[in-house]
Each structure stands twice: as structure tokens, then as C-alpha cells.
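With the sequence up front, the predicted model follows.
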Amino acid sequence: MKIAVVGTGYVGLVTGTCLAETGNQVICVDINAQKVKMMQEGKLPIYEPGLDILFHRNIQQNRLHFTNNLAEAIEEAQIIFLALPTPPGGDGSADLSYVLGAAKDIGKIIKDYKVIVTKSTVPVGTADKVRAALGAETTVEFDVVSNPEFLREGVAVDDFMKPDRVVIGTKSERAQKLMGELYGPYVRQGNPIIFMDERSSELTKYAANSFLATKITFMNEVANLCELVGADVDMVRRGIGSDERIGRRFLFPGVGYGGSCFPKDVQALVKSADEHKYEFKILNSVIEVNETQKKVLYEKVNKYFDGDLKGKKFALWGLAFKPETDDIREAPALYIIDELVKAGATVTAFDPEGMDNVRNLLGTKISYAADPYSALHDADALLIVTEWSLFRTPDFDQVGKLLKNKVIFDGRNLYDLQKMIDCGFYYNSIGRKIVE
């Protein structure tokens with residue numbers, strides 16, 4: 001098939017590249033001419049494990065193309081994906097200006113039947129708005145389809161190539177047939193393509209992310225209670241995770257969720273409920289608890305140093321909101337850094353992929369280390385914020401020698417408590433007893 005993808009952000013680039021991998025002719029369009037030139041030269045603008053291999057292979061085999069000319073991109077395309085940003089507005093609602101603006105532009109250009117697919121995460125009713133924007137500009141026949149993405153940063157290529165499910169919202173038999181053919185190669189092992197109406201499809205995406213955010217937040221609250229009553233959250237997690245009705249995933253406590261999806265999607269679902277005069281009490285609580293949880297590690301540090309952090313130096317491991325990505329949007333590390341700096345402390349950070357993005361955001365507000373151990377020199381304590389694999393088995397002898405004090409605050413529960421006792425560290429994690 002011939003496919004156009006409008007927008008080459010995280011979702012658009014992964015979608016376009018993976019669609020090309022199964023033999024489709026894909027052209028990705030973006031208004032950023034510098035970014036387009038970069039991709040035409042074979043340079044990836046994002047970090048995502050495994051994407052580079054598919055990206056370069058499909059460019060070399062002439063299946064993946066890039067342009068900043070929308071008319072060129074959609075001229076021969078049978079299916080046009082809209083993978084544009086929907087940033088939250090000041091009231092938490094999703095900003096649809098990019099999506100609807102692109103729909104209007106497409107309506108002025110199309111000359112034959114097209115399927116226009118909203119791949120962006122959008123509120124309920126967006127397909128109707130896209131349909132209206134297109135219809136105001138053309139009399140050519142078209143169909144609008146909702147096809148939400150369920151890509152996890154760090155494993156997005158696997159998620160696209162071997163999806164748990166594909167959700168497609170359309171009432172059109174013609175569009176359903178085309179979309180079924182397009183996704184057929186990705187579900188050969190039997191995972192379902194679930195067809196539904198557009199509004200149900202749009203709500204499915206928000207409901208899925210909000211439920212997972214709720215599960216994370218619930219476990220963080222359990223962890224906080226564990227610390228007060230003397231329980232061990234790891235034991236509690238194992239105990240409830242073995243119940244198949246609950247499951248083991250998303251039960252790891254930490255310093256709150258971040259990234260480009262959960263914060264934005266939870267807020268947008270609450271706003272959508274508000275617009276229909278429904279108070280989504282659970283999700284309002286999720287938002288409130290998550291904001292508090294992002295600072296829980298700072299509160300532990302502040303308490304340990306008796307509220308006096310002025311002049312203290314801290315090493316910080318992990319800046320990205322999760323491992324295997326360079327995405328720092330809503331990253332808990334940023335909240336922790338802000339609190340430490342406001343308290344008069346200095347921070348030296350290391351992250352395998354996220355440092356350039358943080359440097360662009362914070363500049364010289366903090367220092368940046370070339371490797372994990374370089375960050376430790378003469379620091380009063382180590383803070384662990386992102387659970388990168390390389391942080392899981394450090395040389396604790398070297399860590400102890402480089403730190404001014406053998407003190408670790410672990411926001412991801414990476415280390416065994418007995419190991420910390422044996423190594424002689426003060427070790428304060430989430431929902432477990434403090435090793436002193």
C-alpha cells in the first residue's frame with residue numbers, strides 16, 4: 001500500500017518506519033525542513049531501541065521517504081495517518097489545532113478517495129471534528145478512522161510489529177477493509193484487530209493509559225503506607241501481583257509516572273468528563289497523588305539532612321522519565337532537581353540518553369557527568385531516579401569510595417536490602433525499611 005504519515009514525532013516516525021518494514025511505500029511529511037533534511041540524510045531525530053535498524057534498511061530499500069511538501073506526500077497515498085502533537089492546554093484539555101489544521105489542509109488537496117486516520121491521542125469526538133474540517137474543504141469522498149497507538153517508549157518497535165491488539169474505529173466497511181489489510185501482517189500470531197465505532201476507539205486509548213496510571217499511583221500509595229506501618233512493599237507487590245485478576249505489571253512503586261502520555265492523557269480524560277458534567281474522582285486523585293509522589297525522594301533527602309541542603313552536593317543517576325528513552329517530558333528527575341536547586345544544593349547528573357535534552361532545558365543549572373561514577377565525586381549522597389540497567393549492578397566499593405558519605409536514596413528500589421547492609425550504606429528506598 002501507499003501510505004502518508006503527517007508528523008514525524010515519536011509516534012509518526014515509529015509508525016511510518018514500521019509500516020515500511022512490511023513492504024508498504026511510506027512517505028512521512030513534516031513542516032520542519034531541517035528535521036526532514038536530517039532524516040533524508042539517514043539521521044534519526046529520536047532515540048528508540050531498534051528503530052535505527054528499520055529506519056536505515058527501509059531508506060536504503062527505497063520504501064521510506066521524507067518531505068515537507070504535504071501535497072507531494074498525500075497525492076498517491078491510499079491511507080493518510082495524522083500523527084501530530086495534541087499538547088495539553090492550560091485547563092488540561094487536548095489542543096487539537098495541529099490535527100484539525102492538517103485535516104483542513106488535506107481537504108484542500110485530495111482529488112480521490114482517501115482514508116484519513118487519526119493516530120494522535122485525541123479526545124472523544126475528534127473524528128467527527130476531523131470529518132467536518134475535511135468536508136468543509138472538499139466534495140471528494142473520504143473516510144475518517146480512529147486508530148490509537150499503544151506504543152511504549154523503549155519497546156515501541158516491538159509494540160508496533162507485534163501488537164497485543166490493534167484498535168480501529170470506523171463505521172465504513174470500505175475503510176475497515178483497507179485497515180484490516182494494512183494491519184494483517186502484524187497480527188499473524190492471532191492477536192486481535194478490534195473494530196469499533198470512532199468514539200469508543202478514542203475513549204479506549206484514554207481509558208487504557210488512565211487505568212495504568214491509576215495502577216502505578218495505587219502502588220505508590222501502598223508503598224507510602226508500607227513505610228509507616230513497617231511492611232515491605234516488595235512483599236506486598238508479589239503477594240497481590242500473583243492474583244491473575246490484578247497481574248504483576250505496573251506494580252513497581254517509585255517516584256511517580258511521567259513521559260508524554262500518562263500525564264497528558266489522564267488530564268485530558270478528566271477534562272473530557274468535566275465537559276460532560278461528570279466528576280472523575282479517581283483520576284483527580286491520581287493526578288494529585290502523582291504530583292506529590294514526584295517529590296517524595298526530595299522529602300527523604302531533606303529529612304535526612306535536617307532541612308539544611310544549602311551547599312550540599314548530590315549525584316543523580318537517571319534523567320529520562322523511564323529507561324531506554326531520551327524523553328524527559330514530565331520526568332520526575334526534573335521535579336527533584338528543581339527542589340534541590342531551590343534549597344541551595346548542587347546536582348551532578350548522568351543519564352545514558354537524556355542529558356542532551358536536559359542540557360537544552362536547564363543549561364548550566366546542574367552539572368553533567370560523562371559516566372555514572374564521575375557524578376559521584378565528593379557528593380553528599382547518590383539519588384537514583386531512573387531504573388537504567390547499567391545502574392542495577394554497580395561496583396559498590398567504588399561508589400562508597402567516591403561519595404563523601406555512603407548514602408543512597410533510591411527512587412526505583414534497585415538494590416537488595418541485605419546487600420546494602422553488607423556494603424555499609426545508608427539506603428533509603430520506596431516502601432521498604434531504611435538501612436542505616
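That came in fine, so what should we check first?

helices or strands up against the lowest-mean-pLDDT helix or strand in the chain?
For the chain, counting by mean pLDDT, DSSP states H and E, helix 262-275 ranks last in confidence among helices and strands (a mean of 93). Packing contacts for helix 262-275, counted by 3 or more CB pairs under 8 Å, 6 or more residues apart in numbering; DSSP states H and E, involve helix 198-229, helix 281-293. The C-beta positions use only the backbone N, C-alpha and C, and glycine is treated the same way.

Next, count neighbours for the closest residue to Asp274 other than its chain neighbours.
Leaving aside its sequence neighbours, Asp274 sits nearest to Phe280 (CB to CB, 6 or more residues apart in numbering; 7.8 Å). Counted with other CB atoms under 10 Å, residues neighbouring Phe280 total 17.

mind giving me CSV with the helices and strands packed on helix 262-275 and columns for mean neighbour count and distance to Lys35?
As requested, the helices and strands packed on helix 262-275 are exported to CSV (neighbours: other CB atoms under 10 Å; distance: least, CB to CB, whole Å):
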stretch, mean neighbour count, distance to Lys35
helix 198-229, 19, 26
helix 281-293, 17, 32
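
Now tabulate the ones you listed in JSON lines and tack on distance to Asn24 and mean pLDDT.
Output for the helices and strands packed on helix 262-275, formatted as JSON lines (distance: least, CB to CB, whole Å; pLDDT from 0 to 100):
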{"stretch": "helix 198-229", "distance to Asn24": "22", "mean pLDDT": "96"}
{"stretch": "helix 281-293", "distance to Asn24": "37", "mean pLDDT": "96"}
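
Looking at those, which is nearest to Arg57?
Arg57 sits nearest to helix 198-229 of all those, at 29.3 Å, using CB to CB.

so after that closest one, what's the next helix or strand?
Towards the C-terminus, the helix or strand next in line after helix 198-229, according to DSSP states H and E, is helix 233-241.

Name the residues of that next one that are buried.
By 16 or more other CB atoms under 10 Å, the buried positions in helix 233-241 come out as Val233, Asp234, Val236, Arg237, Ile240, Gly241.

Nearest to Leu297 among those?
After measuring the buried residues of helix 233-241 against Leu297 - CB to CB - the closest member comes out as Val233, at 14.8 Å.

Contact partners for the closest one?
Going by CB atoms under 8 Å, 6 or more residues apart in numbering, Val233 touches Met219, Val222, Ala223, Cys226, Pro253, Asn413, Ile430, Gly431, Arg432.

7 Å instead?
Val222, Ala223, Cys226, Pro253, Ile430, Gly431, Arg432 (CB atoms under 7 Å, 6 or more residues apart in numbering).

Compute the distance between the closest residue to the fourth one other than its chain neighbours and Ala333, please.
Once its chain neighbours are removed from consideration, Pro253 has its nearest residue in Ala223; the separation is 3.5 Å (CB to CB, 6+ apart). Spatial separation of Ala223 from Ala333 under the definition CB to CB, to the nearest Å is 19 Å.

returning to that earlier point: the residue nearest to Pro253 against Asn413, yeah?
No: in this structure, Ala223 is not within contact of Asn413 by CB atoms under 7 Å, at 8.6 Å.

Give me the common contacts of the two.
What both Ala223 and Asn413 touch, as defined by CB under 7 Å, 6+ apart, is the set Pro253, Ile430.

ok so, going back, quick one: buried residues of the least confident helix or strand of the chain?
Phe262, Pro263, Lys264, Asp265, Val266, Gln267, Ala268, Leu269, Val270, Lys271, Ser272, Ala273.

Identify the residues contacting the second one.
Contact criterion CB under 7 Å, 6+ apart gives Glu330 as the residues in contact with Pro263.

Three-state assignment for Gln176, please.
helix (DSSP: H, G, I helix; E, B strand; the rest coil).

swap in Leu316?
Classified using three-state DSSP, Leu316 is strand.

Please compute how far stretch 411-419 lies from its chain's middle.
Chain-centre distance of stretch 411-419: 25 Å, with CA atoms, centre = their mean, to the nearest Å.

what's the span of it from first residue to last?
17 Å (CA to CA, to the nearest Å).

for stretch 86-93, same thing?
Across stretch 86-93, first to last residue, CA to CA, it's 9 Å.

and if you look at stretch 126-142?
Taking CA to CA, the first and last residues of stretch 126-142 lie 16 Å apart.

So for it, what gets flagged as buried?
Taking 16+ other CB under 10 Å as the criterion, stretch 126-142 shows Thr126, Ala127, Lys129, Val130, Arg131, Ala133, Leu134, Thr138, Phe142 as buried.

Which residues does it contact?
Contacts of stretch 126-142 (CB under 7 Å, 6+ apart): 96, 99-100, 103-104, 106-108, 110-114, 116, 118, 144, 146, 169, 198, 202.

quick check: mean pLDDT across that stretch?
In this model, stretch 126-142 has an average pLDDT of 97.

Just the buried positions in the helix or strand that contains Asp422, please.
Element membership of Asp422, judged by DSSP H and E, is helix 417-423. Residues of helix 417-423 classed as buried: Leu417, Met420, Cys423 (neighbour count, 16+ other CB under 10 Å).

still on that earlier bit, specify which member of the buried residues of helix 262-275 is nearest to Lys43.
Closest to Lys43, out of all of the buried residues of helix 262-275 and judged by CB to CB, is Lys264, at 27.4 Å.

sorry, back to before: export the buried residues of helix 417-423 as a markdown table, with columns for pLDDT and distance to Ile59.
Putting the buried residues of helix 417-423 into a markdown table (pLDDT from 0 to 100; distance: CB to CB, whole Å) gives the following:
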| residue | pLDDT | distance to Ile59 |
| --- | --- | --- |
| Leu417 | 97 | 49 |
| Met420 | 97 | 48 |
| Cys423 | 97 | 48 |
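
Between those residues, which sits nearest Val36?
Using CB to CB, the buried residues of helix 417-423 come closest to Val36 at Met420, 49.8 Å.

And the closest one, how far from Glu141?
For Met420 relative to Glu141 (CB to CB), the value is 66 Å.

re the thing from before, with distance to Ala83 as extra columns, can I get the buried residues of helix 262-275 in JSON lines?
Converted to JSON lines, the buried residues of helix 262-275 look like this (distance: CB to CB, whole Å):
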{"residue": "Phe262", "distance to Ala83": "19"}
{"residue": "Pro263", "distance to Ala83": "19"}
{"residue": "Lys264", "distance to Ala83": "15"}
{"residue": "Asp265", "distance to Ala83": "16"}
{"residue": "Val266", "distance to Ala83": "21"}
{"residue": "Gln267", "distance to Ala83": "20"}
{"residue": "Ala268", "distance to Ala83": "17"}
{"residue": "Leu269", "distance to Ala83": "20"}
{"residue": "Val270", "distance to Ala83": "24"}
{"residue": "Lys271", "distance to Ala83": "22"}
{"residue": "Ser272", "distance to Ala83": "21"}
{"residue": "Ala273", "distance to Ala83": "26"}
